[in-house]
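Engineer: model the following, please.
(one chain, ligands or ions: 1)
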Amino acid sequence: MTQPITRRTFVAASAAGAALAASGAALAGCASSSAVDTAYAAEAVNTQCAACPKQCSYAAYTVDGSIDKVVGNATDPASAGALCARGYGMATAATSADRLESPMRRTDSGSYEAIPWDEALAEIGKALADIKADKGAAALAAIVPGTSTADWYTERFMNALGSPNVYLNATTASSSVASGLALATGFTSYEVDYAQAKMVVILGASTVEMPDPGTIASLEAAKAAGAKIVMVDSRMPASASVATEYLGVKAGTELALVLAVARGLLSKDDLANAAAAEMEGLAEWERALASYTPQWAASVTGLAEDRIQSLVGELAAAAPAACIDLTWMALFGGSYGNSGELARAVALTNTVLGCWNVPGGAYVAAPTIDWSATAMAPIAVEEADATAAEYPLAAAGSAAQALRLAHDGAIAGLILVDANVVAEYPDPDYVREAVEACTLSVAVTPEMTETARCCTYVLPEQVWAESAQLPVVTGAVHPALKVSLQVIDPAVSEARSVSQIVEGLAQATDTAGAFSFTVEDAARAACESCGCAYEAAAALGATSLAPVAAEAVVWPTASGKVECACAACETAGYTATPTWVEPSVSPDALGYGYYRLTTGNQAVQATTKTANAAPVAAIAEQYGLDGLWMNAAAAEAAGIAGGDKVVIENEYASAPVRVHVTELIEPAAMYLASHYGVEDDEQRQADGLGVRQARFATFGLEPGYGAPLLQETMVTVGKAGA
Ligand code: SF4
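Structural biologist: Here you go, the predicted structure:
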């Protein structure tokens, strides 16, 4: 499906887009403008949204100790003066009716009893020490949410215990994308300079659906300036309203398009000659690409052969202010059996385009907080990452493999910080068994969740605005140091900040020496390492840092160049240079009547914690966002009409759901938004909304890369009661 985009036609067709458009009004009390009302008598404090790793900066206005209004920080390139709908929804988190009010210990009957903090910390500390003495520090692991304070404090604590096993929750991670990029370039992320780009081909946008407001603003500016913005996906996301063209492909086939584009670009002498100086093993990759013609890619993706050909010409003409953008494919690490190899191919193709760290291109190198020269320098650990043996291509280990090791008994102590893994990973029952198999499992969370419900201890956490946080540097094109202060007093007196919880655990495990400073001390050191004073940075909320220029980029690879061939990939079962890898399952192979059940975020949903935010749940219910997307032609052939109640089914699960019939998804795929279908009685805001897509997938991981294969599952569909 090829479709030119206009905002008017798209918003009219998309329930998600309509919900986003309405979100400002629906989230009462939250401003959607960066204009500050001078007649408004309130205190303003700079803080951040913690609903995703972008950590958008905003000013929180308080009246009588409560947040009354939030205004996005215009100097933060991520928020650009606004928050997304998820961010506005999460701004109400402190007043949730579902906050936990006390530490809890699981009893033999499976219920929970409230216990004092001292008792909880002492018992957890003893259990950690016992596991370490019995099985070694390698039997301890933690999964963290991707936000600055929780990640840093938890990793430091685990390292102080002697364990390197700290993993980013795959729900918020782009682990396969990061790993594939790292194998080729040595860097683990990049950011596109949308505002100055002449052409961007965005892959996998539907997994994020709607990125941060700054990205949307930059894309709108690029579109207005005449840039070509092409979205390639199996489902047309709400954010396609800022694209100039949408190319619908069969789900999981983007790698075929990239290989054909790379082959075409390398036939241009100017690009190939420039790339040869920057890349190691380019001739080997060029030979491997020989059979990936536009005709072949058309047969795999479903795109028109001539459009693939013309894409090559357009990208070549726009280079170096052109790139392939994989940074939106952030959910669940990648989700397909070829996501890591797709990332490797994209990294190499972008190198051929010459786009790295040049205006209009994509920035891989970026400034970071350097703790090494501070009193909070990283703690060295001798043990090797427990997940590396099975998943050596994962740049920062595999959270999913850590759960498998817990299931099999190799990991006995698990700390889960804002990580609702039971709700978010494939096969919730398997993940529940993994958590329950641990001798010790600790959930640090503001609310009861499916994961907390099977942990041995549940510790009530303050929400972001209730304490000071560590700064973060986000962005590479316009990097910014962002500082977040305490905005309000904790609404729940017994809740503690994640830094307080970790400090308590450190005291209970004789590792308190690793935390001989306050959050403010660490925040000050972080700011100074970036050349900024803490107080001044706090007053601004977001401070611009200098980007890394192209001539300053040093490739942190063995050869000092971008590397086309990878021996570890070969060992893991791939080819040395990236080539075509079939998705793990295929509706074509199973025959008529099977559909790939895809998933992804919505404009109003990022994680299970946004699902239970009352304003977000209200939007989802009002606009029917929790329904099943089905292609119009496929629905007609199956005798299904929009609004029908259908049953989706496979060998793992069966559930009734309302169907949304649309042209905006490819015929062989269906889509259920992530994070609906809560299964814990205490998540009352989201109760009754939707079905859990993860129930329809088995606990399979991407070979070598270790990301959960959430999109690699097939279902059948039929009318309920038929
Ligand atoms: S959820 Fe939205 S507002 Fe919050 S950090 Fe992410 S992009 Fe920014």
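Engineer: residues in the stretch 51-200 of the chain within reach of the ligand, list them.
Structural biologist: Contact residues (C-beta under 6 Å from any ligand atom) of the stretch 51-200 of the chain with the ligand: 51-52, 54-56, 78, 83-84, 86-87. C-beta here means a position set from N, CA and C on the backbone, and glycine is covered the same way.
Engineer: for Leu416, give me phi and psi.
Structural biologist: The phi/psi pair for Leu416 (degrees, to the nearest 10) reads phi -120, psi 110.
Engineer: mind listing what it touches?
Structural biologist: Counting by C-beta atoms under 8 Å, 6 or more residues apart in numbering, Leu416 touches 142-143, 435, 441-445, 451-452, 455.
Engineer: recalculate using a threshold of 10 Å.
Structural biologist: Counting by C-beta atoms under 10 Å, 6 or more residues apart in numbering, Leu416 touches 141-145, 154, 169, 399, 403, 422, 435, 438, 441-445, 449, 451-452, 455, 458.
Engineer: host element of Ala443?
Structural biologist: Using DSSP states H and E, Ala443 sits in strand 440-445.
Engineer: distance between that strand and the chain's centre?
Structural biologist: Strand 440-445 has its C-alpha centroid displaced from the chain centroid by 21 Å (C-alpha atoms, centre = their mean, to the nearest Å).
Engineer: parallel or antiparallel, list what pairs with the helix or strand just after it.
Structural biologist: Next along the chain after strand 440-445, taking DSSP H and E as the criterion, comes strand 457-460. Sheet pairing here is set by DSSP bridges, and for strand 457-460 it gives strand 104-106 (antiparallel), strand 440-445 (parallel).
Engineer: out of the contacts of Leu416, which are buried?
Structural biologist: Buried subset of the contacts of Leu416 (neighbour count, 16 or more other C-beta atoms under 10 Å): 141-145, 154, 169, 399, 403, 422, 435, 438, 441-445, 449, 451-452, 455, 458.
Engineer: count of residues packed around the residue in the stretch 451-600 of the chain that the ligand sits nearest to?
Structural biologist: Closest to the ligand within the stretch 451-600 of the chain is Thr474: 9.0 Å, counting by C-beta to the nearest ligand atom. Thr474 sits with 25 neighbouring residues when counted by other C-beta atoms under 10 Å.
Engineer: isn't it up against Asn73?
Structural biologist: No - if you go by C-beta atoms under 10 Å, Thr474 and Asn73 don't touch, sitting 11.9 Å apart.
Engineer: what sits in contact with each of these two?
Structural biologist: Common neighbours of Thr474 and Asn73, using C-beta under 10 Å, 6+ apart, are 48, 56-57, 79, 480, 482, 542.
Engineer: save those residues as JSON lines, and put in pLDDT too.
Structural biologist: JSON lines is the format used below for these (pLDDT from 0 to 100):
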{"residue": "Gln48", "pLDDT": "94"}
{"residue": "Cys56", "pLDDT": "94"}
{"residue": "Ser57", "pLDDT": "95"}
{"residue": "Ser79", "pLDDT": "94"}
{"residue": "Ala480", "pLDDT": "96"}
{"residue": "Lys482", "pLDDT": "96"}
{"residue": "Ala542", "pLDDT": "96"}
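Engineer: for Gly624, state which of those is nearest.
Structural biologist: Cys56 (27.3 Å; C-beta to C-beta).
Engineer: residues contacting stretch 551-563, please?
Structural biologist: Residues outside stretch 551-563 that contact it (C-beta under 10 Å, 6+ apart): 182-188, 275-282, 285, 344, 347-348, 350-352, 356-358, 363-365, 546, 548, 565-566, 576-577.
Engineer: can I get it as PDB, trimmed to CA atoms?
Structural biologist: Extracted in PDB, the C-alpha atoms of stretch 551-563 (Å, rounded to 0.1, in the frame of the first residue of the first chain):
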ATOM      1  CA  GLU A 551      35.400  15.100  12.300                       C
ATOM      2  CA  ALA A 552      35.500  14.300  16.000                       C
ATOM      3  CA  VAL A 553      33.700  11.000  15.600                       C
ATOM      4  CA  VAL A 554      36.000   8.100  16.500                       C
ATOM      5  CA  TRP A 555      34.600   4.700  15.800                       C
ATOM      6  CA  PRO A 556      34.900   2.500  18.900                       C
ATOM      7  CA  THR A 557      35.400  -0.700  16.900                       C
ATOM      8  CA  ALA A 558      38.300  -3.100  16.700                       C
ATOM      9  CA  SER A 559      39.400  -1.700  13.300                       C
ATOM     10  CA  GLY A 560      38.600   1.900  14.100                       C
ATOM     11  CA  LYS A 561      36.200   1.800  11.100                       C
ATOM     12  CA  VAL A 562      32.600   0.900  10.600                       C
ATOM     13  CA  GLU A 563      32.700  -2.900  10.300                       C
END
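Engineer: from the chain's centroid, how far away is that stretch?
Structural biologist: 26 Å.
Engineer: after the helix or strand hosting Ser310, which helix or strand is next?
Structural biologist: Per DSSP H and E, Ser310 falls inside helix 305-318. The helix or strand immediately downstream of helix 305-318 is strand 322-325, counting by DSSP H and E.
Engineer: contacting residues for the closest residue to Asp193 other than its chain neighbours?
Structural biologist: Nearest residue to Asp193, sequence neighbours excluded (C-beta to C-beta, 6 or more residues apart in numbering): Val477, at 4.5 Å. Contacts here follow C-beta under 10 Å, 6+ apart; on that basis Val477 touches 77, 190-196, 214, 218, 357, 359-363, 366, 547.
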